[in-house]
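Student: sequence-free structure coming up:
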């Protein structure tokens, strides 16, 4: 494979800080690279260098001739005066320029044939179809809408479409999964699986990295470390590397300690014949010690005690702008639960959060809040930060201490728990990376305390080390956690329950993590499909005489028994689903085995029987409805 782009001895400095320090990296044809590293380490800067948006202070970047590069930055730029479709269409400019040149040349031109091959390689003749496909799968807003009327999430989906439609030789994606729902993320992953060019992606979505990356590159201390394989392979390789580094540093320290006693003999040692030993000590002592990367501990302030009643919602429904988002939602939130909220964008996840905390009045139903319940809501829009203030000033708001349970700690100590080193604590906000801003906002909001923590998309813009620390903090949090996220890895690691917005106003509850919810959903869908197929086969084999007579007379009506069964079917399904939820709720209780140790087998059997009944009841319901509809038709 040939090299398409090479960065050689690249150095970039911001003040006295070198984010890239004589760094070198080559990218080959067909490379599928995931770039990782702490926020502020220089990842976005490096992407700008590759995209020729920025130039290095020192070093060179060489590109293959005629290399077509497409770049999706974090702070994407769209033309506000143009429509959605026009902005996406502009993403195909490289191939559109080739087509324009192709059409302007005489048919017998030598360049004409060269251009035709290049356009075919870039699939330029199918640009319009690719735009329609991408817009559909990424849930883009209508093509005729003006960009200046879009939300931040809608603009990001438009920018994503714009970046991929040209099918470039080299695709650069900076946090492409932010603000995308699970279905859209799956489509992007499928697109990259089939993509014929090279790509480099920065993302905090670990499942996404595991699926699409074939080579991981870590940017650490201004240098690149390359690992073959996906994200899981990288973690294993990094652990081995760190262990080896720690061993080398330990041996070095032991050598210095041993030799120090000898060096302290001073002139007597120097008079000996072992001057080489003396010089070796000073050579070793002059070396910089290896930096062993350590995660700092992110702790959420201890919450006040929750009462027996936390929050209860009964028959909750919300309608906004004439659109019914959901209805008939019933749930009792209990202390110790960590509930993940997931589903496609626009179904009402954020609206549910706002209804719970009282920012929006319910259209239907009630929300009952316990007397001791204290919300702490980190919303999707976040707070505003003063660009000119320092991190310390923003977090402190004029106070020197943060209340920490029954005691208090200094604001500096508090910020260190959010991974801010001493030099970053005094840095102005305008000089922070996107992830550092997110951590500062989390620190600013979480210091308010609260025993019912509500987080709306907290994983956006956080780097992977910070995400792992946040996950550990939420797992250890002794209150109630309700979190909206599209990050499958995060939901699996943190959550004990899932509330899934499945469309048509339905919110499904599932005990367990996100993967278990998907497994149950797939199992139920297969069972329902199996029942429907069996019903259709039975109807087909019975022939028209079952529904109508040979001369086309009226089909038979439901019997009295069947009619009664149909009338009570919906109520019966609700009862069985409620029983499933009840038993799953028992299993989710922290003290389940203490209370129900003698009933585990019985409850497990009852749960399996109830879960198997649900798809069968739905299938029977459809069968009876079909018979009723057929009878009414004739």
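Tutor: Nice, I can see it. Worth saying up front: this structure is predicted, and the values here are computed from it rather than measured.
Student: identify the bridge partners of residue 63.
Tutor: residue 5 (DSSP bridges).
Student: wouldn't it be in contact with residue 3 here?
Tutor: No: contact criterion C-beta atoms under 8 Å: residue 63 and residue 3 do not qualify, at 9.6 Å. All C-beta atoms are positioned from the backbone trio N, CA, C, and that covers glycine.
Student: comparing the two, which residue is more hemmed in?
Tutor: Set side by side, residue 63 and residue 3 show more neighbours around residue 63, with 16 against 13, by other C-beta atoms under 10 Å.
Student: tell me which stretches of the stretch 151-300 of the chain form strands.
Tutor: Secondary structure of the stretch 151-300 of the chain, counting by DSSP state E, counting those that start in this stretch: strands at 170-174, 198-202, 215-220, 223-228.
Student: which one of those strands lies nearest to residue 490?
Tutor: Closest to residue 490 of those, according to C-beta to C-beta: strand 198-202, at 17.1 Å.
Student: give the buried residues for the closest one.
Tutor: Within strand 198-202, the residues scored as buried using 16 or more other C-beta atoms under 10 Å are 198-202.
Student: in a markdown table, list these along with distance to residue 132 and pLDDT.
Tutor: Below are the buried residues of strand 198-202 laid out as a markdown table (distance: C-beta to C-beta, whole Å; pLDDT from 0 to 100):
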| residue | distance to residue 132 | pLDDT |
| --- | --- | --- |
| 198 | 26 | 94 |
| 199 | 22 | 96 |
| 200 | 27 | 97 |
| 201 | 24 | 96 |
| 202 | 28 | 93 |
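Student: any idea which of those is closest to residue 80?
Tutor: Once C-beta to C-beta is applied, the member of the buried residues of strand 198-202 that ends up nearest residue 80 is residue 202, at 25.5 Å.
Student: how about the closest one, what does it touch?
Tutor: Each residue near residue 202 by C-beta atoms under 8 Å, 6 or more residues apart in numbering is listed here: 34-36, 43-44, 47, 173-175.
Student: for stretch 494-509, what is the distance to the chain centroid?
Tutor: In terms of C-alpha atoms, centre = their mean, to the nearest Å, the centre of stretch 494-509 is found 17 Å from the chain centre.
Student: again with stretch 422-436
Tutor: 23 Å.
Student: same check on stretch 458-466?
Tutor: Mean-position distance between stretch 458-466 and its chain equals 9 Å (C-alpha atoms, centre = their mean).
Student: coming back round to it: would you turn the strands of the stretch 151-300 of the chain into TSV with distance to residue 622?
Tutor: Shown next, in TSV, are the strands of the stretch 151-300 of the chain (distance: least, C-beta to C-beta, whole Å):
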stretch	distance to residue 622
strand 170-174	43
strand 198-202	43
strand 215-220	48
strand 223-228	51
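Student: circling back to that earlier point, and which of the contacts of residue 202 is nearest to residue 73?
Tutor: residue 174 (5.3 Å).
Student: ok, how many other residues are close to the closest one?
Tutor: By the measure other C-beta under 10 Å, the count of residues near residue 174 is 23.
Student: next one: residue 59
Tutor: If we define neighbours as other C-beta under 10 Å, then residue 59 has 17 of them.
Student: so what's residue 453 up against?
Tutor: So residue 453 contacts 300, 303, 376, 378, 446, 474, 477, 479-483 (C-beta under 8 Å, 6+ apart).
Student: which of those fall within strands?
Tutor: Secondary structure from DSSP state E places 376, 378, 480-483 of the contacts of residue 453 in strands.
Student: in what helix or strand does residue 561 lie?
Tutor: Assessed by DSSP states H and E, residue 561 sits inside helix 560-567.
Student: state the pLDDT value of residue 393.
Tutor: Among the per-residue scores, residue 393 holds a pLDDT of 91.
Student: check contacts around the most centrally placed residue in the chain.
Tutor: For the chain, the residue nearest the mean C-alpha position is residue 487 (3.0 Å; C-alpha atoms, centre = their mean). For residue 487, the contacting residues are 204-206, 459, 467, by C-beta under 8 Å, 6+ apart.
Student: pLDDT score for it?
Tutor: In this model, residue 487 carries a pLDDT of 88.
Student: cool, residue 185 as well?
Tutor: Looking at residue 185, its pLDDT is 87.
Student: can you tell me the SS state at residue 623?
Tutor: helix (DSSP: H, G, I helix; E, B strand; the rest coil).
Student: residue 570 versus that one, what's the distance?
Tutor: 14 Å (C-beta to C-beta, to the nearest Å).
Student: residue 345 now?
Tutor: According to C-beta to C-beta, residue 345 and residue 570 sit 30 Å apart.
Student: do the same with residue 256
Tutor: For residue 256, the distance to residue 570 equals 78 Å [C-beta to C-beta].
Student: so for those two, which sits in the more crowded spot?
Tutor: Higher neighbour count among residue 256 and residue 570: residue 256, with 15 against 11, using other C-beta under 10 Å.
Student: where's the more buried one relative to residue 250, distance?
Tutor: According to C-beta to C-beta, residue 256 stands 11 Å off from residue 250.
Student: so what secondary structure elements neighbour the helix or strand residue 576 falls within?
Tutor: For residue 576, the element it lies in under DSSP H and E is helix 569-588. Helices and strands touching helix 569-588, by 3 or more C-beta pairs under 8 Å, 6 or more residues apart in numbering; DSSP states H and E, are strand 506-511, helix 600-633.
Student: what's the angle from the longest one to helix 569-588?
Tutor: Note on geometry: by axes from the mean of the first three to the mean of the last three C-alpha atoms, to 10 degrees, helix 600-633 and helix 569-588 are set 160 degrees apart in direction.
Student: cool, and the first one?
Tutor: Angle, strand 506-511 to helix 569-588, by the same axes, to 10 degrees: 30 degrees.
Student: per-residue pLDDT, residue 597?
Tutor: On pLDDT, residue 597 comes in at 64.
Student: contacting residues around residue 315?
Tutor: 327-330, 364-366.
Student: residue ranges with poor pLDDT in the stretch 401-550 of the chain?
Tutor: For the stretch 401-550 of the chain, residues meeting the criterion pLDDT under 70 lie at 434-435, 461, 534-550.
Student: that one: helices as residue ranges?
Tutor: Per DSSP state H, counting those that start in this stretch, the stretch 401-550 of the chain carries helices over the ranges 411-416, 422-425, 434-446, 464-476, 488-494, 514-542.
Student: buried ones in the second one?
Tutor: This points to helix 422-425. Across helix 422-425, burial judged by 16+ other C-beta under 10 Å covers 424-425.
Student: run through who's touching it.
Tutor: Identification of contacts with helix 422-425 by C-beta under 8 Å, 6+ apart yields 40, 390-392, 412, 415-416, 432, 436.
Student: of those residues, buried ones?
Tutor: The neighbour-count test (16+ other C-beta under 10 Å) applied to the contacts of helix 422-425 identifies 40, 390-391, 412, 415-416, 432, 436 as buried.
Student: which two among these are spaced furthest apart?
Tutor: Pairwise over the buried ones among the contacts of helix 422-425, using C-beta to C-beta, the maximum falls at 40 and 412, 18.4 Å.
Student: do I have it right that residue 615 meets residue 522?
Tutor: No: with contact defined as C-beta under 8 Å, residue 615 does not reach residue 522; the gap is 11.6 Å.
Student: turn the helices of the stretch 401-550 of the chain into CSV, including distance to residue 235.
Tutor: As requested, these are arranged in CSV below (distance: least, C-beta to C-beta, whole Å):
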stretch, distance to residue 235
helix 411-416, 25
helix 422-425, 25
helix 434-446, 19
helix 464-476, 9
helix 488-494, 12
helix 514-542, 19
